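J.: model the following, please.
(chains A, B, C and D)
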2 protein chains.
Amino acid sequence: MKATVPITVASLKVACSQCNLVELCLPFGMSESEIDRLDELVGARRKIKRQQHLYRAGDPFEAIYAIRAGSFKTDVLLEDGREQVTGFQMTGEMLGLDGISTEAHSCNAIALEDSEVCVIAYGKLEELSRVVEGLQLQFHKVMSREIVRDHGVMTLLGSMRAEERLAAFLLNMSQRFTARGFSPAEFHLRMTREEIGSYLGLKLETVSRAFSKFQDEGLIAVQQKHIRILDIVGLKRLIQHPSSRP
Amino acid sequence: MKATVPITVASLKVACSQCNLVELCLPFGMSESEIDRLDELVGARRKIKRQQHLYRAGDPFEAIYAIRAGSFKTDVLLEDGREQVTGFQMTGEMLGLDGISTEAHSCNAIALEDSEVCVIAYGKLEELSRVVEGLQLQFHKVMSREIVRDHGVMTLLGSMRAEERLAAFLLNMSQRFTARGFSPAEFHLRMTREEIGSYLGLKLETVSRAFSKFQDEGLIAVQQKHIRILDIVGLKRLIQHPSSRP
DNA sequence: ATGGACCGTTGATCCACGTCAACCACGAAA
DNA sequence: TTTCGTGGTTGACGTGGATCAACGGTCCAT
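T.: Residues are numbered from 1 along each chain as shown, chains lettered A, B, ... in the order given. Below is the predicted model of the structure:
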């Protein structure tokens, strides 16, 4: 049951086994020995400056990326110039899964701040996941989670009103910051109101107004991109018991 | 490089190698010999009557399903009773991928007509895709395609107006019927206006009105669930050059 | 054939959010 | 420090689609 995969030792500190994101990233749930094998997977790291593209729609697909530091947005541009943000990604999350289906990326990935990603050659991932069972399962789970997440966004866009959407967004951010060891109640958004609006299917003015309203109601404190959640329960209530719905 | 997987010969006619959906379904792009190996994958078939559930949100995840005949919708129910249809699936398409991530299904799958699915035990799929490379790649592509499709729906929900959404929906249906050897211009919808509305983030009245408007404009002919597309180009134009946008 | 449930259509009205516009806050560059 | 540009806030107003309501067609089950 020994693997015969050639072990190209990757440069020292790149190792998954030494990365503190192990619990969020692809190696999650894998055994120590399995994770050791992963170290050959991450070929290189790549730094992306704020506002720069990691990849663009149409680029040939070669690798997926794990965010090591920083954050990104993914978006789709329509012919007539409209932009739809399809997601925000933070450390430990994967980028590029959309490219597998057609062997070309179907959206743009843009850094929201200076960031760094681990480059995972897709061919290598396929190869290794044939021998490391834990990797195969975890990779499938990562893809599946993306599908579930997208269904959540579809629900939000299809059946919630503006304030519910923003409340859901804030709670989601809070939960993801928490998972990364940051405060659940206080965080810094890396994206603009316009980007939030695009993601939530709203105009930036509507986002801004909803932030102000939440502040007036004592649910949060907003100062530009800095958010403090004062009443988590209140926000949750907003989603479950929409104010005025028959 | 021979596989040591136990070959449990599945009952005769169930075989993928004899299924005319090979070009749409999981075996797409695989070699003859690879497809032969698939036959052990499909453990059984299951018939689902109209309006019955194939699985429900919360059900433990054990298998994914390939639609052999009929069609389905998937939906998510919110606490307060709102329903969001997350997709419509036709023959050859896969169901249940959402369940991998948490090992429980996250949505409901309901037959829109009397249908039949191939049951693909997930454990077996994992096992077999470790030895049959074509299967591994194709499975990843299927999942990735689902992600891309969802991004398309998010774009539709987040940045298109009612008539654009419906036009996009009709063109998508037309394209999928075509891929199955049916007419691109004439087909029978299996879902209600309310289900279409839920999927598109609109109320059923709005869907109905948009259908009528398209008919008045000579783009389509509607008679209940029967649709005839009279002007495909006109529908496409509707999406690319939204009528009244600054 | 006939009654009834469900589905679809259409009209009148309402309101949540988009649009347009003015202004303000902050950070980077000079 | 001033200036400039980008991003955020707020107000006034307009509108696309939701809501409410009435009615019509189709398909079953009896």
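J.: going forward, measure contacts and count neighbours with C-alpha atoms only.
T.: Noted.
J.: excluding sequence neighbours, find me the nearest residue to A:Asp36.
T.: Excluding its sequence neighbours, the residue lying closest to A:Asp36 (Cα to Cα, 6 or more residues apart in numbering or on different chains) is A:Ser17, at 6.0 Å.
J.: hang on, A:Cys118 in a strand?
T.: Yes. Checked against DSSP: H, G, I helix; E, B strand; the rest coil, A:Cys118 lies within a strand.
J.: I figured it hits A:Arg46, correct?
T.: Yes. Contact criterion Cα atoms under 8 Å: A:Cys118 and A:Arg46 qualify, at 6.5 Å.
J.: these two: who's more crowded?
T.: A:Cys118 (24 against 15; other Cα atoms under 10 Å in any protein chain shown).
J.: and the more buried one, how close does it get to A:Ser17?
T.: 13 Å (Cα to Cα, to the nearest Å).
J.: so how many other residues sit close to the closest residue to A:Leu38 other than its chain neighbours?
T.: Take A:Leu38 and drop its neighbours on the chain: the residue closest to it by Cα to Cα, 6+ apart is A:Cys16, 6.6 Å away. Per other Cα under 10 Å, the neighbour tally for A:Cys16 reads 21.
J.: quick check: which ranges of chain A have low pLDDT?
T.: For chain A, the stretches flagged by pLDDT under 70 are A:1-14, A:241-246.
J.: go again with 80.
T.: A:1-15, A:241-246 (pLDDT under 80).
J.: so which residues of it form strands?
T.: Per DSSP state E, chain A carries strands over the ranges A:42-48, A:53-55, A:63-69, A:72-77, A:83-89, A:94-95, A:108-111, A:115-121, A:186-188, A:220-223, A:226-229.
J.: from what I can see A:Asp114 touches A:Lys47, true?
T.: Yes. In this structure, A:Asp114 is within contact of A:Lys47 by Cα under 8 Å, at 7.4 Å.
J.: spatially central residue for chain A, please.
T.: What sits nearest the mean C-alpha location of chain A, by Cα atoms, centre = their mean, is A:Gln89, with 2.3 Å.
J.: who are the contact partners of the closest residue to it other than its chain neighbours?
T.: Counting by Cα to Cα, 6+ apart, A:Gln89 lies nearest to A:Phe72, which is 5.1 Å off, once chain neighbours are set aside. A:Phe72 makes contacts with A:88-90, A:109-113, as judged by Cα atoms under 8 Å, 6 or more residues apart in numbering or on different chains.
J.: and these near DNA strand C, which?
T.: For DNA strand C, no contacts are drawn from the contacts of A:Phe72 by Cα under 7 Å from any atom of the strand.
J.: what is the nearest of those residues to DNA strand D?
T.: Taking Cα to the nearest atom of the strand as the measure, DNA strand D lies nearest A:Leu112 of those, at 10.2 Å.
J.: that closest one and DNA strand C, how far apart?
T.: Using Cα to the nearest atom of the strand, to the nearest Å, we find A:Leu112 at a distance of 14 Å from DNA strand C.
J.: for that residue, grab phi and psi.
T.: phi -90, psi -20 (degrees, to the nearest 10).
J.: likewise A:Met30?
T.: Torsion angles, degrees, to the nearest 10, at A:Met30: phi -90, psi 160.
J.: the nearest residue to A:Ile48 once chain neighbours are set aside: what's it in contact with?
T.: Closest residue to A:Ile48 apart from its sequence neighbours, by Cα to Cα, 6+ apart: A:Ser115 at 5.2 Å. For A:Ser115, the contact set (Cα under 8 Å, 6+ apart) comprises A:47-50, A:67-71.
J.: and stretch A:52-59, how far from the chain's centre?
T.: 16 Å (Cα atoms, centre = their mean, to the nearest Å).
J.: who does the longest helix seen in chain A touch, helix- and strand-wise?
T.: In chain A, taking DSSP state H as the definition, the longest helix is helix A:133-159. Under the contact criterion of 3 or more Cα pairs under 8 Å, 6 or more residues apart in numbering or on different chains; DSSP states H and E, helix A:133-159 touches helix A:122-131, strand B:83-89, helix B:133-159, helix B:193-200.
J.: kindly export stretch A:204-214 (C-alpha atoms) in CSV.
T.: Output in CSV follows, covering the C-alpha atoms of stretch A:204-214 (Å, rounded to 0.1, in the frame of the first residue of the first chain):
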residue,chain,number,x,y,z
LEU,A,204,-24.3,50.4,-3.2
GLU,A,205,-26.7,53.1,-1.9
THR,A,206,-29.0,50.4,-0.6
VAL,A,207,-26.1,48.6,1.2
SER,A,208,-25.0,51.9,2.7
ARG,A,209,-28.6,52.7,3.9
ALA,A,210,-29.0,49.3,5.4
PHE,A,211,-25.7,49.7,7.3
SER,A,212,-27.0,53.0,8.6
LYS,A,213,-30.3,51.5,9.6
PHE,A,214,-28.7,48.7,11.5
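J.: and the nearest residue to A:Leu125 once chain neighbours are set aside, how many neighbours?
T.: Using Cα to Cα, 6+ apart and skipping residues adjacent in sequence, the residue nearest A:Leu125 is A:Leu41, 6.6 Å away. Counted by other Cα under 10 Å, the residues lying close to A:Leu41 total 26.
J.: can you check A:Asp231 too?
T.: 16.
J.: for the closest residue to it other than its chain neighbours, give its distance to DNA strand C.
T.: Nearest non-adjacent residue to A:Asp231, counting by Cα to Cα, 6+ apart: A:Leu219, 4.8 Å away. From A:Leu219 across to DNA strand C, the span is 17 Å (Cα to the nearest atom of the strand).
J.: let me see the contact set for A:Leu219.
T.: So A:Leu219 contacts A:229-232, A:234-235 (Cα under 8 Å, 6+ apart).
J.: who in chain A is up against DNA strand D?
T.: A:191-194, A:204-209, A:211-212, A:222-225, A:245-246.
J.: distance of the spatially closest residue to A:Val117 that is not a sequence neighbour from chain B?
T.: Nearest non-adjacent residue to A:Val117, counting by Cα to Cα, 6+ apart: A:Ile67, 4.4 Å away. In this view, A:Ile67 and chain B are 19 Å apart by Cα to the nearest Cα, to the nearest Å.
J.: isn't A:Ile67 right up against A:Thr91?
T.: Yes. Using Cα under 8 Å, A:Ile67 is in contact with A:Thr91, at 4.8 Å.
J.: so these two - more neighbours on which side?
T.: Shown here are A:Ile67 and A:Thr91; by other Cα under 10 Å, A:Ile67 has more neighbours (24 against 21).
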